[in-house]
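Sequence first, then the predicted structure:
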Amino acid sequence: MLRTTQRRITLLRSHLYTNHRSYSTTQHSKMTAVTPTATFTLNNGHTIPAVGLGTWQSKPGEVGEAVLAAIDAGYTHIDGAYVYGNEKEIGEALKKAFTSGKIKRENLFYTSKLWNTFHQPSKVSEAITKTLSDLQLDYLDLYLIHWPVSFQPGSDLFPKDKDGKVITDPTDIVDTWKELEKLVDAGKVRSIGVSNADVATLKKVIDNARIKPVINQVELHPYLPQPALLEYAKKENVLLTAYSPLGSGKDHSPLKEQVIVDIAKKHGKDPGQILLSWAVQRGTVVIPKSVKAERIASNRKIEKLSEEEIAQINGIKERVRIVDPKEFWGLDLFKGDTADK
């Protein structure tokens, strides 16, 4: 099953990569100064480090060392997911970090995500048990519904019919959410949230929640700033976490925008640090991914930008959604709105 899962994830990767005003630098959740140790306070009182290490696409044999390098560099926030297929290795790395005294469990913020094949209420407990076992943790700091779509349960994480179309399941996200609330009650997770939710989906969860989501993790960068979603989330005091905060890293990337390059030179920073600083300053958590120790350390070095610099970055007009399920699943989860007018 592991080989099949990794093959599916490799396929997915190839498809993906061949409460204020939307652009305000004021944060809706209380945030400390824009520094490498910046934190946000969630709507339930827990805090989350503003910069975390993303582990998507981090290969077995690399991800454990990346996690240890991140902790050595001062990170206290690691973002993972069951579907990434690397949480066992992350668990071993965390065990080393705890036993060596590099970090205490209570000082680490770990996020994982419920995969689409576990949305049926009877499957949620199975999923969290597996994740906690792989990570060798007693609880998660944050557990997210990875995508607002349910897949047919089973060992195949990307089930498809004979025509190659993904097989969905009719489970409603509200029913899944109620099971996540029970995990909070049981002490298995401290905070819960969603991922890849548009305004309509986020509103649906909030309107039916006993425990309000604290986070919505979505694609965010200057090519996809999602102002309408950010404005709604701020109004509801739900924090956004930005995945792919540096864009695709390909030739056509925010990293190569002249305005970003110029601001980076002015600050003595690299373009990636400017993009991450911009994201945190507009009130979002960032989870840049890398397996290189030098880059991991570099990504954490954010600093405050001027209002003029923020406005210049906000002025970038290009609009690109990198992670679009229309392309790899044939599902239009964002209703065709890639520009987010």
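The structure has been received and is ready for your questions.

Give me the contacts around the helix or strand hosting Ala297.
Under the criterion of DSSP states H and E, Ala297 resides in helix 293-299. Outside helix 293-299, the residues within contact range by CB atoms under 8 Å, 6 or more residues apart in numbering are 51, 53, 65-66, 69-70, 72-73, 75, 270, 272-273, 276, 288, 290. Bear in mind the C-beta positions are built from the backbone N, C-alpha and C, glycine included.

Point out the other elements, helices or strands, that the helix or strand that it is followed by touches.
Next along the chain after helix 293-299, taking DSSP H and E as the criterion, comes helix 307-314. Contacts defined by 3 or more CB pairs under 8 Å, 6 or more residues apart in numbering; DSSP states H and E place helix 307-314 against helix 258-267, helix 271-281.

Can you pull out the low-pLDDT segments for the stretch 101-250 of the chain?
249-250 (pLDDT under 70).

go again using 80 as the cut-off
Along the stretch 101-250 of the chain, segments meeting pLDDT under 80 span 248-250.

mind checking which of the helices and strands packed on helix 307-314 is nearest Glu87?
Among the helices and strands packed on helix 307-314, the nearest to Glu87 by CB to CB is helix 271-281 (24.5 Å).

Give me the distance from the closest one to the chain's centre.
With CA atoms, centre = their mean, to the nearest Å as the basis, helix 271-281 stands 16 Å off its chain's centre.

between that helix and helix 258-267, how big is the angle?
Helix 271-281 and helix 258-267 are oriented at 100 degrees to each other (axes from the mean of the first three to the mean of the last three CA atoms, to 10 degrees).

hey, C-alpha coordinates of helix 271-281 in PDB?
C-alpha atoms of helix 271-281 as PDB (Å, rounded to 0.1, in the frame of the first residue of the first chain):
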ATOM      1  CA  PRO A 271      13.100  37.300  -2.600                       C
ATOM      2  CA  GLY A 272      11.700  34.300  -0.700                       C
ATOM      3  CA  GLN A 273      12.200  36.100   2.600                       C
ATOM      4  CA  ILE A 274      10.300  39.200   1.300                       C
ATOM      5  CA  LEU A 275       7.400  37.000   0.100                       C
ATOM      6  CA  LEU A 276       7.200  35.400   3.500                       C
ATOM      7  CA  SER A 277       7.500  38.700   5.300                       C
ATOM      8  CA  TRP A 278       4.600  40.100   3.200                       C
ATOM      9  CA  ALA A 279       2.400  37.100   3.900                       C
ATOM     10  CA  VAL A 280       3.000  37.300   7.700                       C
ATOM     11  CA  GLN A 281       2.500  41.100   7.800                       C
END
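
How far off centre is the next helix or strand after that helix?
With elements assigned by DSSP H and E, the helix or strand that comes after helix 271-281 is strand 284-286. Between the centre of strand 284-286 and the centre of its chain there are 9 Å (CA atoms, centre = their mean).

what do you get for stretch 70-88?
The answer for stretch 70-88 is 11 Å, by CA atoms, centre = their mean.

As a check, name the ranges of all strands in the protein.
When secondary structure is read from DSSP state E, the chain shows strands at 39-41, 47-49, 53-54, 77-79, 109-114, 140-145, 150-151, 168-169, 189-195, 215-219, 239-243, 284-286.

quick one, what contacts Gly154?
Gly154 neighbours (CB under 8 Å, 6+ apart): Thr117.

separation between it and Ser191?
Distance of Gly154 to Ser191, computed by CB to CB, to the nearest Å: 29 Å.

for the helices and strands packed on helix 307-314, which one sits closest to Thr99?
helix 271-281 (30.8 Å).

Surely Lys178 is in contact with Gln120?
No: using CB atoms under 8 Å as the test, Lys178 is too far from Gln120 to be in contact (12.0 Å).

pretty sure His146 contacts Thr111?
No: judged on CB under 8 Å, His146 makes no contact with Thr111 at a distance of 10.8 Å.

of the two, who's got more company?
Neighbour count, other CB atoms under 10 Å: between His146 and Thr111, Thr111 has more, with 27 against 21.

hey, what's that one bridged with?
Thr111 has these beta-bridge partners by DSSP bridges: Asp79, Leu142.

do you know how far it is from Phe334?
In terms of CB to CB, Thr111 sits 22 Å off from Phe334.

And His46, by the same measure?
Distance of His46 to Phe334, given as CB to CB: 29 Å.

do Ala233 as well
Distance from Ala233 to Phe334, by CB to CB: 15 Å.

who's more crowded, these two?
Neighbour count, other CB under 10 Å: between Ala233 and Phe334, Ala233 has more, with 28 against 21.
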